[in-house]
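In: Fold the following for me, if possible:
(2 chains)
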There are 2 protein chains.
Amino acid sequence: MDLKRDLELMYNYQREIFLLDRIKSLLSWDMETYMPKNAIDFRAEQKAYLSSMIHKKQSSDELFETLERLTSYIDSENLSEDDKINIQKFYKDVSKSRKLPPEFVKELSMVKSMAFAAWQEARDKKDFNVFSPHLKKIVELKRKEAEYIGLPGHPYNGLFDDYEEGMTVEKLKPQFDYLKKEIKSLLDDIKKSDTYKNQEFILMKKDFPADKQILLAKHVMEKIGLGSDFSRMDFSEHPFSSHVGAEDVRITTNIREHPLFAFKSTIHESGHALYESFIPKKYLYTILYDSPSCGLHESQSRFWEIMIASNKDFWEHYFGHFDEYYDLNGKKDLWYKEVNMIEPSLIRIESDEIHYPLHVILRFELELGLIDGTINVDDLPELWNEKMKDLIGVVPDSDKDGILQDSHWGLGYFGYFPTYAIGSIYASQLHKALRKDFPDIDKDIQNGDFSRIREWLKEKIFVYGRTRTAEDIIKNVTGEGLNPKVYVDYLRNKYKEIYDL
Amino acid sequence: MDLKRDLELMYNYQREIFLLDRIKSLLSWDMETYMPKNAIDFRAEQKAYLSSMIHKKQSSDELFETLERLTSYIDSENLSEDDKINIQKFYKDVSKSRKLPPEFVKELSMVKSMAFAAWQEARDKKDFNVFSPHLKKIVELKRKEAEYIGLPGHPYNGLFDDYEEGMTVEKLKPQFDYLKKEIKSLLDDIKKSDTYKNQEFILMKKDFPADKQILLAKHVMEKIGLGSDFSRMDFSEHPFSSHVGAEDVRITTNIREHPLFAFKSTIHESGHALYESFIPKKYLYTILYDSPSCGLHESQSRFWEIMIASNKDFWEHYFGHFDEYYDLNGKKDLWYKEVNMIEPSLIRIESDEIHYPLHVILRFELELGLIDGTINVDDLPELWNEKMKDLIGVVPDSDKDGILQDSHWGLGYFGYFPTYAIGSIYASQLHKALRKDFPDIDKDIQNGDFSRIREWLKEKIFVYGRTRTAEDIIKNVTGEGLNPKVYVDYLRNKYKEIYDL
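Out: Alright, predicted model coming up:
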């Protein structure tokens, strides 16, 4: 009964890592929401301590040897299908973990926490120089990490694999180049239209009191399916979603200038949180209680934010609430157009759905250069502005609205950004499949009833946890892998009407 | 250089335990403030996991053997005074820890978390029966714990020592009996007075909007010395203070019927938090970064809440704020009398300072019976009501305002309650010493300037961390140990005037 004992030992490791990992999530959530400012050094140390503890467990010889034995028994009929998948995935994770020296993991965690604080300070002071020494350190460590991991192809692949398993620079770059070309061409068409030339915000310029924005955000969060017994909403500089534990998902939002920012970011984060909430409980405490990739995760947030909530059907229902709260004089059609008004934006998360992938591609290209060493941190602000000019057509007044706008680099997330565009593409593919499965789904949406959609997502996506790759799951639902053409078609079709193209 | 290595190892253990312990504090803080309801089981498991990890470290053979060696070198001149004290205290802690089997520690932590949730539910349902099966389990485990620890005298001593090192039932019981007798006699005198017979709330019956209560609570919190860079205030069912980490103290409050509840509970918890905030940083990461006893800790909260904030001088200053917010028509003298109006209360933390020790003694007597086995959990509600009738003269309508009012038993805190009365007594002794050291301190208080008091407390109390016993610290400031007569004299003197005795 060696097999049984080995399996038990493996699951026990996973359980402990799971518990510690979610404790770390709470520490991070708190750090970004409620923690007093001066506590940062101590919190950084706590997080580094937990990281190194997790890493120590994950890369232990005992575990590795157990996994080697389990891998050799992989065809045993005493193993369930889930066991087999688990063993294979965990063996890969652990092998990867063992490539990183313990001191490296601890140092990276410390550096990240300090960098995050520096990033916040830099934003307050609108000064990239406050952040850049920390970013240099992070880039240096991330290049080292990529080297340790050592995947074939572009060095970035070693980092990218953490977020989008199986995806590579070599595969993605051509897809992004296609997307860039097509979107620029669509934007050219839009910008030539009279509708674009004469467009202006009228309704969006009204007064949108913050308390009402929050009420509506909480309303839609609940409608999407996040009950207060297992989820909550708070505030942070940069909205995020965090899976703090079983029956405990948390999202954050913020009030910004655009009156729909809180509402849309809430829908976005609710998409993430819904996914996390409904991964089958049988996977709890294991590495399968997870999504297979950030791109697939992002497909859920973008699905709700863009495919559902920027849709005409959605506003058939929600406009009523908005009109009641903000006196929009019943101008539903005008509201829908303003919701979908295309305008270059400095800020990625405030961007419309056409410009959005360009913001992502900009970051992806900079990251590639930082990691392969062709770009220096000192040159970043200038490069940022150049690329903004080229891709989006606007340039920020200060670093706060430029290179300092995202928390990712301060958090050490290199390889994360491209998954945002992958998520948007997947979302469009899922939306197409949903409409095919339920040709009458517009009626539900018009009634503000998302229950059939929610169940469909559970059945098509959430149910798998991390047992399959993102691409397999998407193929199973849509019949094909990542296909940016579906996103481009969706955009062309939608904006043809809005801009009378 | 064995000594150096041993010392390093010991401090390293303390550092890890300190980090983990404060992580546990955050988990608890979150559990009582923001955590979604359904997350309780998972959180219970996380806390139990951390508890058992801490216990494992604390009772490890490696550490114990190291401490035995260090103890034998205790006279070495290579050890600083703080090292020596640390070694002795830690040796005692560790020896105690080792008496508890690991499974016991884990089980107790699990049972406590579940019991806390059951206590909350029982309160909502006003039904002790929801809580009693959990309380039985806790009492059973606590009796076992007392047995494991095995101190001389009453079995309760084994639990009591965790909260009030060196104090015993045998020493405290006579002091409490004296206090009970004197307070009952003072209450008799008050109740016979015409002032008492004709007293009624006039100003306190006005409207006190919650938002203004919170503004004033935050105002006084800051005045006491808690800046927002290292402290914060939130809400919970039962107000508490938590030391989440270096530069991170958190208090909670709540709005209740009495218009001063939030204000007074904030002052109380601020007293705790101030103490924690100003223990010298040189003790950080060690067992000396702590107070020596809960009674001394409570002396700080009661000092601010009672000795300062129920004082005439205090209201010379603060009445202005209250008058401005709540339109009290300048009736400062009446306000002062209402602030100090003596009235039997069902709820301990809403009680006046005369009845307060009786609430504590009631719980102390019940705990003694639960732990020595002369009282059964099933009989508690009835016994509670009998004792309330006898000591306070009122009986609750429901268990919510009776036996379910405190979270302590649900949290497994047996031996904690008596420290509340010890704290009140110490507070009166400190207050007497303060007035002696600064005969003109009333001027400061009348101006709402607490800086001299704060510095005095730092110098007399906070500076020692856990290097001395509570009694030593108090003796050093006041010239004597625990002396309930000072509290009785203080009460008699104050209420003679208020009730024209």
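
In: for the closest residue to chain B within the stretch 301-450 of chain A, phi and psi?
Out: Residue of the stretch 301-450 of chain A nearest chain B, by Cβ to the nearest Cβ: A:Leu411 (19.2 Å). Where C-beta positions appear, they are placed from N, C-alpha and C, glycine not excepted. Backbone torsions of A:Leu411, given as degrees, to the nearest 10, read phi -90, psi 0.

In: which residues does it contact?
Out: Neighbouring residues of A:Leu411 by Cβ atoms under 8 Å, 6 or more residues apart in numbering or on different chains: A:Lys112, A:Ala115, A:Phe116.

In: mind putting those in a markdown table, neighbour count, secondary structure and distance to A:Asn329 included?
Out: Below are the contacts of A:Leu411 laid out as a markdown table (neighbours: other Cβ atoms under 10 Å in any protein chain shown; DSSP: H, G, I helix; E, B strand; the rest coil; distance: Cβ to Cβ, whole Å):
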| residue | neighbour count | secondary structure | distance to A:Asn329 |
| --- | --- | --- | --- |
| A:Lys112 | 23 | helix | 49 |
| A:Ala115 | 25 | helix | 48 |
| A:Phe116 | 25 | helix | 44 |
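
In: Which one of those is nearest to B:Lys173?
Out: Within the contacts of A:Leu411, the smallest distance to B:Lys173 is 53.5 Å, found for A:Phe116 (Cβ to Cβ).

In: Chain neighbours aside, what residue packs nearest to the closest one?
Out: A:Gly410 (4.5 Å; Cβ to Cβ, 6 or more residues apart in numbering or on different chains).

In: Was I right to think the one you found contacts A:His134?
Out: Yes: using Cβ atoms under 8 Å, A:Gly410 is in contact with A:His134, at 7.2 Å.

In: residues shared between the contacts of the two?
Out: With Cβ under 8 Å, 6+ apart as the test, A:Gly410 and A:His134 both reach A:Ala115, A:Ala118, A:Trp119.

In: Touching, the first one and A:Val139? I think so.
Out: No: here A:Ala115 does not reach A:Val139: they are 10.3 Å apart, not a contact under Cβ under 8 Å.

In: sorry, back to before: take the shared contacts of A:Gly410 and A:His134 and lay them out in CSV including distance to chain B.
Out: Shown next, in CSV, are the shared contacts of A:Gly410 and A:His134 (distance: Cβ to the nearest Cβ, whole Å):
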residue, distance to chain B
A:Ala115, 19
A:Ala118, 17
A:Trp119, 18
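
In: Of the residues you listed, which is the nearest to A:Asp327?
Out: The closest of those, once distances to A:Asp327 are taken by Cβ to Cβ, is A:Trp119, at 38.9 Å.

In: How many residues are close by the closest one?
Out: 24 (other Cβ atoms under 10 Å in any protein chain shown).

In: before we move on, what about A:Asp2?
Out: By other Cβ under 10 Å, neighbour count at A:Asp2 equals 10.

In: Same question for A:Pro152.
Out: 8.

In: just A:Cys294 next, same as before
Out: Around A:Cys294 there are 25 residues (other Cβ under 10 Å).

In: tell me which residues in stretch A:235-252 are buried?
Out: A:236, A:238-252 (16 or more other Cβ atoms under 10 Å in any protein chain shown).

In: end to end, how far does that stretch reach?
Out: 5 Å (Cα to Cα, to the nearest Å).

In: Contact residues of chain A facing chain B?
Out: Contact residues, chain A versus chain B (Cβ under 8 Å from any Cβ of the partner chain): A:16, A:19, A:22-23, A:26-27, A:30, A:34-39, A:41-43, A:45-46, A:49-50, A:228-232, A:234, A:244-248.

In: Show only the entries of the residues you listed found in helices.
Out: A:16, A:19, A:22-23, A:26-27, A:30, A:41-43, A:45-46, A:49-50 (DSSP state H).

In: you'd agree A:Glu32 is up against A:Pro239?
Out: No: counting by Cβ under 8 Å, no contact exists between A:Glu32 and A:Pro239, whose distance comes to 9.9 Å.

In: tell me the contacts of the residue lying closest to A:Ser398 once chain neighbours are set aside?
Out: Nearest residue to A:Ser398 in three dimensions, chain neighbours excluded: A:Lys126, at 4.2 Å (Cβ to Cβ, 6+ apart). With contact taken as Cβ under 8 Å, 6+ apart, A:Lys126 is in contact with A:Ser398, A:Asp399, A:Lys400, A:Leu404.

In: By neighbour count, which of the residues you listed wins?
Out: A:Leu404 (25 neighbours).

In: Could you pull up the residues touching that residue?
Out: Contacts of A:Leu404 by Cβ under 8 Å, 6+ apart are A:Trp119, A:Ala122, A:Arg123, A:Lys126, A:Phe128, A:Phe131.

In: Can you report phi and psi for the fourth one?
Out: Read it as A:Lys126. Torsion angles, degrees, to the nearest 10, at A:Lys126: phi 50, psi 40.

In: where's it relative to A:Glu103, distance?
Out: 35 Å (Cβ to Cβ, to the nearest Å).

In: again, but for the third one
Out: When Cβ to Cβ is the yardstick, A:Arg123 and A:Glu103 sit 30 Å from each other.

In: which one of these two has more residues nearby?
Out: Each of A:Arg123 and A:Glu103 has its neighbours counted (other Cβ under 10 Å); A:Arg123 has more, 22 against 9.

In: Sticking with the more buried one, tell me its helix or strand.
Out: helix A:102-125 (DSSP states H and E).

In: quick one: that helix to chain centroid distance?
Out: Taking Cα atoms, centre = their mean, to the nearest Å, one finds the center of helix A:102-125 at 20 Å from the center of the full chain.

In: low-confidence ranges in the stretch 351-500 of chain A?
Out: Scanning the stretch 351-500 of chain A for pLDDT under 70 picks out no residues.

In: Relative to chain B, which residue of it is the closest?
Out: Taking Cβ to the nearest Cβ, the stretch 351-500 of chain A has A:Gly465 as its residue nearest chain B, at 16.9 Å.

In: Now for that residue: which residues touch it?
Out: Contacts of A:Gly465 by Cβ under 8 Å, 6+ apart are A:Ile279, A:Pro280, A:Tyr283, A:Leu288, A:Tyr289, A:Asp290, A:Ser291.

In: Find the helix or strand that the fifth one is a member of.
Out: When you say that, I think you mean A:Tyr289. Per DSSP H and E: nothing holds A:Tyr289, as it lies in no helix or strand.

In: Quick check: closest non-adjacent residue to it.
Out: A:Tyr283 is the one closest to A:Tyr289 (Cβ to Cβ, 6+ apart), at 3.9 Å.

In: quick one: least confident helix or strand in chain A?
Out: helix A:102-125 (a mean of 91; mean pLDDT, DSSP states H and E).

In: Enumerate every residue touching the residue of the stretch 251-400 of chain A found nearest chain B.
Out: Residue of the stretch 251-400 of chain A nearest chain B, by Cβ to the nearest Cβ: A:Leu284 (8.4 Å). Residues near A:Leu284 by Cβ under 8 Å, 6+ apart: A:Phe18, A:Ala246.

In: Next, give phi and psi for it.
Out: Dihedral angles for A:Leu284 - degrees, to the nearest 10 - are phi -50, psi 140.

In: Alright, I will stop here.
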